[in-house]
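Asker: what follows is a protein structure lacking sequence information:
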């Protein structure tokens with residue numbers, strides 16, 4: 001009986017999300033975000049538009065913090081913060097190969113350097129241009145991918161998968177150290193994003209993502225369509241993680257990486273942080289993009 005109830009619930013949720021993800025309905029649920037996007041997009045620069053075009057074409061775009069924010073010299077501050085946070089790091093409860101440099105469900109601090117950078121208009125503008133609506137900022141984390149023996153099998157997010165939160169979404173990843181193929185780089189299947197040629201290859205089954213059978217991706221996808229995001233410290237990756245991706249299988253050197261997640265109003269996922277008591281006062285002077293991104 002319990003298994004039957006679970007199956008019925010899964011079926012209901014699948015139908016529910018399939019309906020929500022129908023394009024006109026999805027845009028209707030995002031009508032406020034769409035309105036703000038159309039008002040603000042004239043302010044977006046060429047780099048934001050290039051990032052968005054790359055995501056539309058491949059599902060992934062890469063830049064560097066110094067290109068996105070020339071003259072700001074943000075990287076040393078981020079590295080200093082991550083170094084100090086390492087003293088309070090804890091092993092992730094679900095992913096034992098990760099160290100979390102801060103705990104879950106924190107009160108969001110708009111002056112914390114990683115949060116502040118994630119909510120810069122250039123970041124929100126690039127993501128808005130890709131989504132066609134303003135995004136909602138729903139989670140952020142800083143972690144270390146620990147070195148694992150090369151003979152140890154990949155597990156969880158080290159394996160190919162699609163995220164479940166929305167039919168079209170975006171995450172940003174910032175490398176805090178140099179990352180090569182032995183440092184657990186991010187991998188992405190080009191064209192597996194919304195509208196891409198590989199979109200229907202082991203697609204999401206809402207409200208879940210999907211983990212394809214081991215080895216099937218490499219057997220099916222041409223090598224030139226498997227993107228490996230190696231790069232120096234300060235590399236920023238924008239990608240639609242409803243597409244197939246994996247990362248964090250570090251065999252020789254640790255990877256230190258910040259992740260920020262952006263979904264749309266149509267998603268049922270809630271913010272994984274708490275608001276300060278003076279939240280309204282803090283955001284009142286901010287841009288419309290930022291206020292919408294944080295709106296409860």
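Answerer: Arrived safely, thanks for sending. Because the structure is a prediction, the values reported are computed rather than measured.

Asker: what about the strands in the stretch 101-250 of the chain?
Answerer: In the stretch 101-250 of the chain, the segments counted as strands under DSSP state E, counting those that start in this stretch are 136-145, 170-175, 186-189, 226-229, 235-239, 245-246.

Asker: in the sheet, which strands lie alongside the fourth one, parallel or antiparallel?
Answerer: Spelled out, it's strand 226-229. Partners of strand 226-229 in the sheet, by DSSP bridges, are strand 186-189 (antiparallel).

Asker: pLDDT averaged over the strand it pairs with, what's the number?
Answerer: Averaged across strand 186-189, the pLDDT comes to 98.

Asker: do stretch 287-295 as well
Answerer: 97.

Asker: same deal with stretch 215-231?
Answerer: 97.

Asker: buried residues in it, which are they?
Answerer: By neighbour count on 16 or more other CB atoms under 10 Å, the buried set for stretch 215-231 is 217, 221, 225, 227, 229, 231. Where C-beta positions appear, they are placed from N, C-alpha and C, glycine not excepted.

Asker: one more: stretch 273-284?
Answerer: Going by 16+ other CB under 10 Å, stretch 273-284 has these buried residues: 273, 282-283.

Asker: if we can go back for a sec, I'd like the buried residues of stretch 215-231 as JSON lines, with distance to residue 43 appended.
Answerer: Conversion of the buried residues of stretch 215-231 to JSON lines gives the following (distance: CB to CB, whole Å):
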{"residue": "217", "distance to residue 43": "39"}
{"residue": "221", "distance to residue 43": "37"}
{"residue": "225", "distance to residue 43": "34"}
{"residue": "227", "distance to residue 43": "29"}
{"residue": "229", "distance to residue 43": "28"}
{"residue": "231", "distance to residue 43": "28"}
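
Asker: hang on, the earlier thing: which one of the buried residues of stretch 273-284 is nearest to residue 120?
Answerer: Nearest to residue 120 among these: residue 283, at 14.3 Å, using CB to CB.
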